[in-house]
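Participant: Got a predicted structure here, sequence first:
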Amino acid sequence: MQTADIKIEYDEKSKTLTLVLSGELDHHSAGRLRSEADRELAVKRPKHLIIDVSSVSFMDSSGIGFILGRYGKAELLGATTSVKGPSQQIQRLLLLSGANKLVNIIK
């Protein structure tokens, strides 16, 4: 099992916070990633949040919870949220959960 990892990028000019995730986003990794992401959201206070899942090899319902939780935090800050690069499996989870109605999906 390849645990998920997070790389955080911030563009000051556009006030865009990008969370680049890789590996397996499941209940084992979601808590740690949640803490890191929430800390960055609170400090940077972005206008745009992008969750890049193009390097995520597996995601379960904990991953949906991670995405929707960050959407909620970003919305409180007045920020938009997008999910970038979902695989077919992840895109299907986003559609089945209804998350696509809350976040923008960037292929």
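Facilitator: Yep, that arrived.
Participant: gap between L93 and A42?
Facilitator: From L93 across to A42, the span is 27 Å (Cβ to Cβ, to the nearest Å). For every residue, glycine as well, the C-beta is placed using N, CA and C.
Participant: any low-confidence regions in this structure?
Facilitator: For the chain, residues meeting the criterion pLDDT under 70 lie at 1.
Participant: My guess is V103 contacts G69. True?
Facilitator: No - the criterion here is Cβ atoms under 8 Å, and V103 misses it with G69 at 11.5 Å.
Participant: Tell me which of the two has more neighbours.
Facilitator: A direct count of neighbours by other Cβ atoms under 10 Å for V103 and G69 places V103 higher, at 20 against 14.
Participant: Excluding sequence neighbours, find me the nearest residue to that one.
Facilitator: T81 (4.6 Å; Cβ to Cβ, 6 or more residues apart in numbering).
Participant: Tell me the buried residues in the helix or strand where R32 lies?
Facilitator: Per DSSP states H and E, R32 falls inside helix 30-44. By 16 or more other Cβ atoms under 10 Å, the buried positions in helix 30-44 come out as A30, L33, R34, A37, E40, L41, K44.
Participant: repeat for stretch 10-25
Facilitator: For stretch 10-25, by 16+ other Cβ under 10 Å, it's T16, L17, T18, L19, V20, L21, S22, G23, E24, L25.
Participant: Can you classify the fourth one as helix, strand or coil?
Facilitator: Spelled out, that is L19. strand (DSSP: H, G, I helix; E, B strand; the rest coil).
Participant: That one touches Y71, doesn't it?
Facilitator: No - the criterion here is Cβ under 8 Å, and L19 misses it with Y71 at 11.7 Å.
Participant: those strands in this protein, which residues are they?
Facilitator: Using DSSP state E, the strands of the chain run over 5-11, 16-25, 48-59, 80-84, 104-106.
Participant: Distance to S97 added to the ones you listed, as TSV?
Facilitator: Formatted as TSV, the strands of the chain follow (distance: least, Cβ to Cβ, whole Å):
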stretch	distance to S97
strand 5-11	21
strand 16-25	14
strand 48-59	11
strand 80-84	11
strand 104-106	12
